[in-house]
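**Q** Prediction below, plus the sequence it came from.
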Amino acid sequence: MEDAIKDGSPLVHSDKGTNKCYTYKLQPQGDGSYEEAKAKADVVVKRRFVNQRLIPAFMEPRAVVASPMGTSGELTIWSATQVPHILRVLLALVTGVSENKLRVVAPDVGGGFGGKLQCYREEILCVVLANKLGRPIKWNETRSEDMVATHHGRDQIQDIEIAATKDGKLLGLKVELIANMGAYLQIITPGIPLLGMFMYPGIYKMDAYDFTCIGVFTNTTPTDAYRGAGRPEATYAIERIIDELAHEIGMEPMELRKKNWIKHEEFPYTTIAGLTYDTGNYEAATEKALALFKYDELRKEQVKRRASGDKVQLGIGISTFTEMCGLAPSRTLGALKYVAGGWEHCTIRVLPTGKVELVTGTSPHGQGHETAWSQIASDTLGIPVDDIEVIHGDTRTSPYGMDTYGSRSLAVGGQAILRAGEKVVEKARLIAAHQLECSASDLEFDNGVFRVKGDPSKEKAIQAVAFEAFSAHDLPDGLEPTLQAEATVDPQDFSYPHGTHLCAMEVDTETGKSVMRSYVCVDDIGIQINPLIVEGQVHGGLAQGIAQALYEGAVYDSEGQLLTASFADYLVPSAPDLPSFITDHTVTPSSTNPLGTKGVGEAGAIASTPAVINAIVDALRPLGVNDVTMPAHPMTVWRAIQAAREGAK
Amino acid sequence: MIPSTFDYVRPNSVDEAISALKAGGEDSKVITGGQSMLPLLRLRLAAPSVLVDCGRIDEMKGIKDNGDSVTIGAATTHWDVLHSDIVNKHVKLLAQATETVADPQIRHRGTFGGALAHGDPAGDLPAVVLALDATLEIAGSKGRRQVAAKDFFLDYFTTAVGPDEILVSITIPKLGKGWGTCYEKFNRSANGWAVVGVAAAVKVDGGKITEARIALTNCAAVPVRASSVESALKGVAAKVSEIEAASQSAAEGTRATSDLAADKEYREHLMRVITARAVSCAAGV
C-alpha cells in the first residue's frame, strides 16, 4: 500500500496520474492543536498498527437470479443481498431499467457482515442480460470466487500518537491513516475509514485531536463495509495505544482508563471528535466484568508465572469500547456526503381476524428480526407474538426501507415499529370509544383491551376493533376504514453502546502459539428486546473479532494474486478454537430513542480484537515485546519474541 | 464446485477392484471414505474417468490381533481405529495420532489406508506407520507384495501403490514392555493440518532411554525419521533437559518447505521443540 503512493509506482488508473484516491483531514478539534497539546505533554507514545485485510466469509456465497415476469415487463431479481431496497435504486440507476419495473427479493439470506451491502457487477449483469434476452439469468459463485471477488474489509495502516502527562491525564491524539481502497471504489469504500475517524478518541476525554486519512488505490479487491466498518479499526488503535501508554508511565492499564473515561454523570457528553454520546456507565460495566473475570486472581497468577519463568506466560487484555449505532440521522449522512438517508419504515396492518402483518424495511440475513420485531409489536398492540407475521426483504411487499447494516435495524427500524404500533392503537382507541360510547380519553388500554375507566365491564379487544374497522358498519364520522398505520422514522441521533471486555491469553514462548483461556464481556446496549438474540450476536461478534486478532488475514503475493482464496489458507476459527465466553450486561437506556435501545450487531467484533492483542502483548511484556502484528500467527509471535531477545542482548 | 463427470464402480472384492482399476485405465482412481478424494474432485484438482469405491470390501476392513503384531484393513475408518480395544492396547500411538485427524464427522468417513495411500506430507498417520516400522500389503494384477513403511512414501502425494494397485492392509508390530508413545501435533486451528507433527515411541529402562523411534509429519515431501535424535537419545536420562538437548538435531535430514503456516526457519525450530515435547510425553516426563 505504501509502495503504491511512492513516486514512479505503476498506476491502477493511469488517467488519474496518482494512486492517491483522496486525502481527508479533520479540522483540528478542541481548544488547541495537537502540537500544542504535545508541547505540554510529559509523555508521547507513537505506534504503527496494521489492521489487516479481512474477507467477510459469510456462510452463504452470493447468488442472483434475474427473471422477466410474464408480459408485464417486470423484472424480478432474487439476490443474496442484505440491501434489497438500496440495490433496487442502484440497479435502476445503473441499468436504466425503470425502477417501478424492478422487484428485488432478498430471500432467507445466509449472513452478510457488510459483504452483501453492495450493488455487485454480477447483479447488474444479470439484470442487463435478462432484460436483453427476455429469459431468466442465474449466477452463483464458489467459495474461492467469493473470496476473490466479494469486497474485503479493514486494510489500514494506522500511525497513532498519544500525548499525556506523567500521571496519566490524556492531552491529545493524532491519527494518520493510510487506507487501502482496492482497485475500484464501491458503494461506501472511501467512507469506511472516515466512519472510524469519529471513534478514535473512544471513551476518553482529551483536549486535542488531529486526524488525516489517505485513501490509496491498489491492484487488489475493493474494500468496503465489514462488521464494524471503520469502528473496529479505530477501537483497536485507541485501546492498543492506551495499554502502551500505561506501560510507558508505569500505570495499571485499567487505572489509566478509569482516570480518563467519561464518567456516567457527565452524559450526554460531546467528545473531542464532535459526537455527542447519549448515555453510558463505564464504571458499572467495568466493575461487573472485573468481578466475573476474577481480574485480581489472574494478575496474581501472572506474577507467579513471570517469577518462575514459565514457558507458557499469562497475559490479560482489556478493551473498554464504545461505538456509534443507529446509522443515522439523514441530515448527518447528507453532511457526510452519503447519498442515502438513514430513516426506516414500518407498516402494521391488523387484519379482520385480529392477525397482524408487520412490514419492515429492514432486511434480516440471520439476525432474528422476525422474533424481535414481533415482540415490539406485541408489546405495543397487546396481540400475541404468534399472531404477528413479519414481512421483509421484498421491494414489492415492503416498498420502503434502508435495509440492515451498521447495527441500525433495532436502533432505527425498531422505532418505526413502535411508532406504527402506537398509531394503530390511537386509531383503534377512536373506534373503541365510539362504540363504547365514551370519549377516547376515558379509555385505558392494557394488554390488547380497551376498558372504560371506572367501568371495567365495558371493554373491547383490539382484535374486535380490527373487525369493526374492516366491516366499517359503525365507525366514527370521517374515520377511514381498516386498522393499519405506517411510520417512517428518522433517528434524532446515534446511540452509543459500550462495554468492558477482558481476555486472558496463554502464550507459549517456545512456539509463539497463543491459546485463549478465558473471555469475559459485559456489554451495555441499553434496553434489550430479546436477550437470547443479543447473546447470539455477542458470541458471533466475539468469534469474528478474535478471528482478526488470531487467525484471519487476506494475503496477496507481489503480483496481486490472492494466496488465501479458500478456507484451507484463510483460517476462520470454529468452536473448538474458542473457549466458552462469559457474557453479561448492564442496562443504561439510550436517550435518543423511545425504546431506549442501542445496537449490538457489531459490539463483539469491535471490542474483542484489541482485548486479545493486548493480552498477548501483556504476556510477553517482560520479554521486551511491545507489539504483535495481526493476525497473531504463532510464527509472528515467535519472531517478535526472538527480536526482543536479540534487542535485549 | 460440482465434480466433473466420472463413472462409478463399487466392487465387492479386492480382485474385482483391481480389474475395475485396470479396465478404467490411467484415469481411474480409488475412493474409500472420500476424506481426501472428495475435496480433490470438488475443487477439480482431480478429474478421474472412473472412481473405484473400495469402501465396502470386507477383506479391507477390520482389526486383527496376530500375537506379536496388529493388522488393520486399509478401509477401516478412523473412528473404528480410534475405538478399537486392540489398537488402544497394542498400538496406542496410532490411536493418539488418529484422534488428531480432522473432526468426528470426517473420522467416521475417512479411512486409515486412504490416509496413507493419499501420501499427503501433512497427513498425521504416515509418520505413525514409519515410526512403528509397519509393513503395508499392496495388491495388484501380478499378485500381492509387502512393502516396508520406509519404502512406501516416495514423494509428494506419491506412494508405492501403482496405478492399478490397491493398499489392502497395514501390519504394525507391537512394541512390548517399557515403551511409551505420543503424537504431538502443532497446528494453527483445532481442525487444521499439522504444521509439524511428531510421532514418538520411547523405551525407558531404569530412568534411561534405551531406544527411541521418531517420525516427523510435514517436514519434507514424505514423513521422515529423526535418526540423529534417535541415536542421541540412546542411553540418555529420561529428563526434559536431556531430551531437549538431544532434540536439537531434529531438523537434520528434513526438507522443510515455506508456506503461509510456517517458513523454513520457523518450521525447523518447531521440529526441535515439538520433538522434545513428543519424546518427553512418550517417556512420561
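**A** Yep, it's here. Residues are numbered from 1 along each chain as shown, chains lettered A, B, ... in the order given.
**Q** interface residues of the stretch 1-150 of chain B facing chain A?
**A** Where the stretch 1-150 of chain B comes near chain A, counting by CB under 8 Å from any CB of the partner chain, the residues are B:1, B:43, B:103. C-betas here are computed from N, CA, C, even on glycine.
**Q** Of those, which is the most crowded?
**A** Counting by other CB atoms under 10 Å in any protein chain shown, residue B:43 has the largest number of neighbours within the residues of the stretch 1-150 of chain B next to chain A, with 15 neighbours.
**Q** ok, now which ones touch the closest residue to that one other than its chain neighbours?
**A** Once its chain neighbours are removed from consideration, residue B:43 has its nearest residue in residue B:1; the separation is 6.5 Å (CB to CB, 6 or more residues apart in numbering or on different chains). Taking CB atoms under 8 Å, 6 or more residues apart in numbering or on different chains as the definition of contact, the neighbours of residue B:1 are A:142, B:42, B:43, B:44.
**Q** Please apply the same query to residue A:621.
**A** Shown here is residue A:621, whose contacts under the criterion CB under 8 Å, 6+ apart are A:247, A:315.
**Q** hmm, try it at 6 Å
**A** Not one residue lies near residue A:621 by CB atoms under 6 Å, 6 or more residues apart in numbering or on different chains.
**Q** export the helix or strand hosting residue A:236 as PDB, just CAs?
**A** Here residue A:236 sits within helix A:231-249, counting by DSSP states H and E. Once side chains and other backbone atoms are set aside, the C-alpha atoms of helix A:231-249 remain, and they are given as PDB (Å, rounded to 0.1, in the frame of the first residue of the first chain):
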ATOM      1  CA  ARG A 231     -15.100   1.500  14.100                       C
ATOM      2  CA  PRO A 232     -13.200  -1.800  14.900                       C
ATOM      3  CA  GLU A 233     -10.100  -0.200  13.300                       C
ATOM      4  CA  ALA A 234     -10.400   2.900  15.500                       C
ATOM      5  CA  THR A 235     -11.200   0.900  18.600                       C
ATOM      6  CA  TYR A 236      -8.200  -1.300  18.000                       C
ATOM      7  CA  ALA A 237      -5.800   1.600  17.700                       C
ATOM      8  CA  ILE A 238      -7.000   3.600  20.700                       C
ATOM      9  CA  GLU A 239      -7.300   0.500  23.000                       C
ATOM     10  CA  ARG A 240      -3.900  -0.700  22.000                       C
ATOM     11  CA  ILE A 241      -2.100   2.600  22.500                       C
ATOM     12  CA  ILE A 242      -3.800   3.200  25.900                       C
ATOM     13  CA  ASP A 243      -2.100  -0.100  27.000                       C
ATOM     14  CA  GLU A 244       1.200   1.100  25.600                       C
ATOM     15  CA  LEU A 245       0.900   4.500  27.300                       C
ATOM     16  CA  ALA A 246       0.000   2.700  30.600                       C
ATOM     17  CA  HIS A 247       3.200   0.700  30.300                       C
ATOM     18  CA  GLU A 248       5.200   3.800  29.400                       C
ATOM     19  CA  ILE A 249       4.200   5.700  32.500                       C
END
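**Q** Verify the contact between residue A:264 and residue A:281 for me.
**A** Yes - here residue A:264 lies in contact with residue A:281, judged by CB atoms under 6 Å, at a distance of 4.2 Å.
**Q** Is it correct that residue A:127 is in contact with residue A:95?
**A** Yes - with the criterion set as CB under 6 Å, residue A:127 and residue A:95 qualify as a contacting pair; they are 5.0 Å apart.
**Q** ok, those two, which is more surrounded?
**A** Here residue A:127 and residue A:95 are set side by side on neighbour count (other CB under 10 Å), and the busier one is residue A:127, at 25 against 19.
**Q** confidence score at that one?
**A** Residue A:127 carries a pLDDT value of 97.
**Q** for the host helix or strand of it, packing partners?
**A** Residue A:127 belongs to helix A:121-133 when elements are defined using DSSP H and E. Helices and strands in packing contact with helix A:121-133 are listed as strand A:63-69, helix A:84-95, strand A:137-140; criterion 3 or more CB pairs under 6 Å, 6 or more residues apart in numbering or on different chains; DSSP states H and E.
**Q** higher neighbour count, residue A:264 and residue A:281?
**A** Relative neighbour count places residue A:281 above the other of residue A:264 and residue A:281, with 18 against 15, counting by other CB under 10 Å.
**Q** Tell me the pLDDT of the more buried one.
**A** 98.
**Q** Ramachandran angles for it?
**A** Listed backbone geometry of residue A:281 is phi -150, psi 80, with angles given as degrees, to the nearest 10.
**Q** For it, which residues are in contact?
**A** Shown here is residue A:281, whose contacts under the criterion CB under 6 Å, 6+ apart are A:264, A:588.
**Q** Ok, residue A:220 next?
**A** When the contact criterion is CB under 6 Å, 6+ apart, the partners of residue A:220 are A:182, A:556.
**Q** average model confidence for the helix holding residue A:236?
**A** When the per-residue pLDDT values of helix A:231-249 are averaged, the result is 98.
**Q** separation between residue A:561 and chain B?
**A** When CB to the nearest CB, to the nearest Å is applied, the distance between residue A:561 and chain B equals 13 Å.
**Q** Contacts only, for that residue.
**A** Shown in contact with residue A:561 (CB under 6 Å, 6+ apart): no residues.
**Q** what does the model give it for pLDDT?
**A** Per-residue confidence at residue A:561 stands at 93 (pLDDT).
**Q** Chain neighbours aside, what residue packs nearest to the closest residue to chain B within chain A?
**A** Chain B sits closest to residue A:576 of chain A, with a gap of 3.6 Å, by CB to the nearest CB. Across the structure, with CB to CB, 6+ apart as the measure, the residue nearest residue A:576 apart from its sequence neighbours is residue B:190 (3.6 Å).
**Q** quick one: what helix or strand has the one you found in it?
**A** Applying DSSP H and E as the criterion places residue B:190 outside every helix and strand.
**Q** Look up how far residue A:578 lies from it.
**A** Distance from residue B:190 to residue A:578, counting by CB to CB, to the nearest Å: 9 Å.
**Q** same check, this time on residue B:263
**A** From residue B:263 over to residue A:578 the distance is 27 Å, taken as CB to CB.
**Q** do the same with residue A:542
**A** 8 Å.
**Q** Now residue 147: phi and psi?
**A** I went with chain A, as the question did not name one. The phi and psi values for residue A:147, taken as degrees, to the nearest 10, are phi -70, psi -30.
**Q** Actually, chain B is the one I wanted.
**A** In this entry, residue B:147 is assigned phi and psi values of phi -120, psi 130 (degrees, to the nearest 10).
**Q** In contact with it: list those residues for me.
**A** Applying CB under 6 Å, 6+ apart, we find residue B:147 in contact with B:136, B:160.
**Q** give me the beta-bridge partners of it?
**A** For residue B:147, the beta-bridge partners under DSSP bridges are residue B:136.
**Q** What are the boundaries of the helices in the stretch 201-350 of chain A?
**A** In chain order, the stretch 201-350 of chain A shows helices spanning A:231-249, A:253-260, A:282-293, A:295-308, A:330-335, with DSSP state H, counting those that start in this stretch as the criterion.
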